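>>> Just a sequence and a predicted model for now, questions to come.
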Amino acid sequence: MTEGRKSADVSWRKVDWSSLYRKEDWWALWVGLLFFLLALQVYYGPSVLGWVPRAQVYDDLGKALVSSYGNPWVNLAGLWVLLLAILILPASLVGIRPGKWVAGFSTIFWLAWVAWIAGFYQPVAKALTSEIGFLFALLIGLAIGNLPKVPSWLRDSARGEWFIKTAVVLLGSKILLTSFAKYGLQALVAVVVGVPIMWLVAYLISRRVGLNREFAATLSSGVGVCGVSAAVATAAAIEAPAIYATIVSSAVVLFGALIMVLLPLLAKVFFLAQPVIAGAWMGLSVKTDGAAASSGQIVAVLTNSDTALNTAVMVKVFLDVWIGLIAFLLAIIWVSKVKRQPASSISPLQIWYRFPKFVIGYFFTSLFLSAIAFSYPTVAEGEKAIQPVISQGTDPIRLAFFAFTFLAIGINARFQSFKEIGLGKPLIAYGLGSLWVIVWGGIVAYFVFGRF
């Protein structure tokens, strides 16, 4: 038996099975799949999660929430109780005392919902996007996190990575393979050609500006792939410091709001008579789902064609597939190349430990619903059949976890940490990366969709 074989055998004998119930990464998978199964019930019978409240644009606060049944404000309190009941055991197993978790998560839950609802106030949502509620949550978190003294029960409960990973598992349910059947090769080619080059050039820019490899990779996934989810997944895969994902997440929201407003005006200048190209440009360049759809809607109004909106949303869906792919690829690269010790061998187990487990859930939810949709005579029938699983189940829970994420990110982000790292270089890198993504996205959209 060779030395490498012996080393691999020793590694396998040291498998720590307790990670299945003591690591946030695994609990994000378990919790995400639990809510997916609950959401799936509506496909077979009555909706289990239809009562979960969803925010909507409002000018009367009493109408800010809506549910499929029941009083949405009462249901919001019910959601708080449900999440406390489901999450208290995982929280205790990852090291948070139950009493602290109840106090901390309750605070995070209600503040996050206040911020999220504020983003749907009609003047705010009309001027910007309802996703500005995520920025509100981040700002509230920053204000709390930089108080002279933050209670340990609150900081311990602000598990931003756990929240976002759970949300990404549920995000998979929106990424359906039926899109390939509906839209053909154009969107696939645009994303396959666009994303790797976007990421690579953004990485080179970041390194040139002066960011280290982990920071550059995290930022490149945020600006070059698909925003916060990709940045957090990357940071987890390469074991980057949490503050890197925090800074990139903040930049995604801030730059996203600006690009969402300005890019449609450029699209009007260059592609007024070609709305499909303009829509694809929005989908490739605007890095959050809501902002991409909003920019597509603006272009649709400017070009008097709904094609722009449909194309923007469709391309963004294809773009989101890269969340899992980029995390998987970078985990392998960092283990086998970047962090590999000289003269050491890399076992499959090392790659498995580094691989973000929540990505398994992301692909599972996508493939499961896609399989159901493809079982129908037509793609349209299949998508219609599973739509309630998303709209009345996974989406409301996913958006809630996203809001928790931004608040938690803010609570854990100390201005002192920003000062130590410096915000100048990351913002310059993100700004230059955004410019590159916009330019390359426009070129790809023009050549791929020019004959659509």
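Great, that's in hand. Numbering: from 1, shown residues only.

>>> can you map out the helices along the stretch 351-452 of the chain?
358-374, 379-389, 395-412, 415-421, 424-449 (DSSP state H, counting those that start in this stretch).

>>> tell me the mean pLDDT for stretch 61-80?
Across stretch 61-80, the average pLDDT comes to 92.

>>> quick one: buried residues of it?
By neighbour count on 16 or more other CB atoms under 10 Å, the buried set for stretch 61-80 is 64-65, 67-68, 72, 75-76, 78-80. The way it works is simple: take the backbone N, C-alpha and C, and place the C-beta from them, glycine included.

>>> closest to residue 228 among those?
Among the buried residues of stretch 61-80, residue 79 lies closest to residue 228 (CB to CB), at 22.1 Å.

>>> ok, the closest residue in space to the closest one that isn't next to it in sequence - contacts?
Closest residue to residue 79 apart from its sequence neighbours, by CB to CB, 6 or more residues apart in numbering: residue 52 at 5.7 Å. Each residue near residue 52 by CB atoms under 8 Å, 6 or more residues apart in numbering is listed here: 67, 75, 79, 392-393, 396-397, 400.

>>> follow-up on the earlier one: nearest to residue 273, of the helices of the stretch 351-452 of the chain?
helix 424-449 (12.6 Å).

>>> Report the inter-axis angle for the helix or strand hosting residue 243 versus helix 395-412.
Taking DSSP states H and E as the definition, residue 243 sits inside helix 242-271. In terms of direction (axes from the mean of the first three to the mean of the last three CA atoms, to 10 degrees), helix 242-271 departs from helix 395-412 by 120 degrees.

>>> got the buried residues for helix 242-271?
Result for helix 242-271 [16+ other CB under 10 Å]: buried residues 242-253, 255-257, 259-261, 263-264, 266-267, 271.

>>> so how far is that helix off the chain centroid?
Centroid separation between helix 242-271 and its chain, computed with CA atoms, centre = their mean, to the nearest Å, is 15 Å.

>>> Can you name every helix or strand that the helix or strand harbouring residue 277 contacts?
If you go by DSSP H and E, residue 277 is part of helix 275-285. The contact analysis (3 or more CB pairs under 8 Å, 6 or more residues apart in numbering; DSSP states H and E) places helix 275-285 against helix 185-209, helix 242-271, helix 289-303, helix 307-320, helix 424-449.

>>> what mean pLDDT does the longest one have?
Along helix 242-271, the predicted confidence averages to a pLDDT of 82.

>>> do stretch 300-319 as well
Averaged across stretch 300-319, the pLDDT comes to 75.

>>> follow-up on the earlier one: per-residue confidence averaged over the helix holding residue 277?
Helix 275-285 carries an average pLDDT of 86.

>>> Could I have the CA atoms of that helix written out in CSV?
Presented in CSV, the C-alpha positions along helix 275-285 are these (Å, rounded to 0.1, in the frame of the first residue of the first chain):
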residue,chain,number,x,y,z
PRO,A,275,-35.8,45.2,-26.6
VAL,A,276,-34.7,41.6,-26.4
ILE,A,277,-31.1,42.7,-26.5
ALA,A,278,-31.8,45.4,-23.9
GLY,A,279,-33.5,42.9,-21.6
ALA,A,280,-30.7,40.4,-21.9
TRP,A,281,-28.3,43.2,-21.0
MET,A,282,-30.2,43.9,-17.8
GLY,A,283,-30.3,40.3,-16.8
LEU,A,284,-26.5,39.9,-17.3
SER,A,285,-25.5,43.1,-15.6
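
>>> Now do that helix against helix 289-303, angle only.
Going by the same axes, to 10 degrees, helix 275-285 makes 160 degrees with helix 289-303.

>>> angle of helix 275-285 against helix 185-209?
Here the directions of helix 275-285 and helix 185-209 differ by 40 degrees (the same axes, to 10 degrees).

>>> And the helices of the stretch 351-452 of the chain: which comes nearest residue 137?
Ranking the helices of the stretch 351-452 of the chain by proximity to residue 137 (CB to CB) places helix 395-412 first, at 4.0 Å.

>>> which other helices and strands contact that closest one?
Looks like helix 395-412 contacts strand 54-55, helix 98-118, helix 132-145, helix 152-157, helix 160-171, helix 228-238, helix 242-271 (3+ CB pairs under 8 Å, 6+ apart).

>>> so residue 32 makes contact with residue 169?
Yes. Residue 32 lies in contact with residue 169 (CB atoms under 8 Å); the separation is 2.7 Å.

>>> quick revisit: compare the helices and strands packed on helix 275-285 and give me the one nearest residue 84.
It is, among the helices and strands packed on helix 275-285 and with distance given as CB to CB, helix 242-271, at 24.3 Å.

>>> most tightly surrounded among the helices of the stretch 351-452 of the chain?
Among the helices of the stretch 351-452 of the chain, helix 395-412 has the highest mean neighbour count (mean count of other CB atoms under 10 Å), at a mean of 26.

>>> close enough to count as contact, residue 93 and residue 30?
No. Shown here, residue 93 and residue 30 do not form a contact pair, counting by CB under 8 Å, at 10.5 Å.

>>> taking the buried residues of stretch 61-80 as a set, which two sit the farthest apart in space?
Those two in the buried residues of stretch 61-80 that are separated most widely, counting by CB to CB, are 68 and 80, at 18.3 Å.

>>> Look up how far residue 252 lies from residue 175.
Noted for residue 175: a distance of 19 Å to residue 252, by CB to CB, to the nearest Å.

>>> before we move on, what about residue 313?
Shown here: residue 313 relative to residue 252, a distance of 18 Å by CB to CB.

>>> Same question for residue 358.
Separation of residue 358 from residue 252 (CB to CB): 19 Å.

>>> go on, residue 369?
26 Å.

>>> for residue 228, same thing?
Applying CB to CB, the value for residue 228 to residue 252 is 5 Å.

>>> In TSV, list the helices and strands packed on helix 395-412 along with distance to residue 411.
Listed next are those as TSV, based on distance: least, CB to CB, whole Å:
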stretch	distance to residue 411
strand 54-55	22
helix 98-118	8
helix 132-145	4
helix 152-157	6
helix 160-171	8
helix 228-238	16
helix 242-271	10
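
>>> Relative to residue 375, which of those is closest?
helix 160-171 (21.8 Å).

>>> what angle sits between that closest one and helix 289-303?
50 degrees.

>>> tell me how far helix 160-171 is from the chain's mean position?
Mean C-alpha position of helix 160-171 versus that of the full chain (CA atoms, centre = their mean) differs by 7 Å.

>>> So what angle separates the directions of it and helix 228-238?
Using the same axes, to 10 degrees: helix 160-171 against helix 228-238 is 120 degrees.
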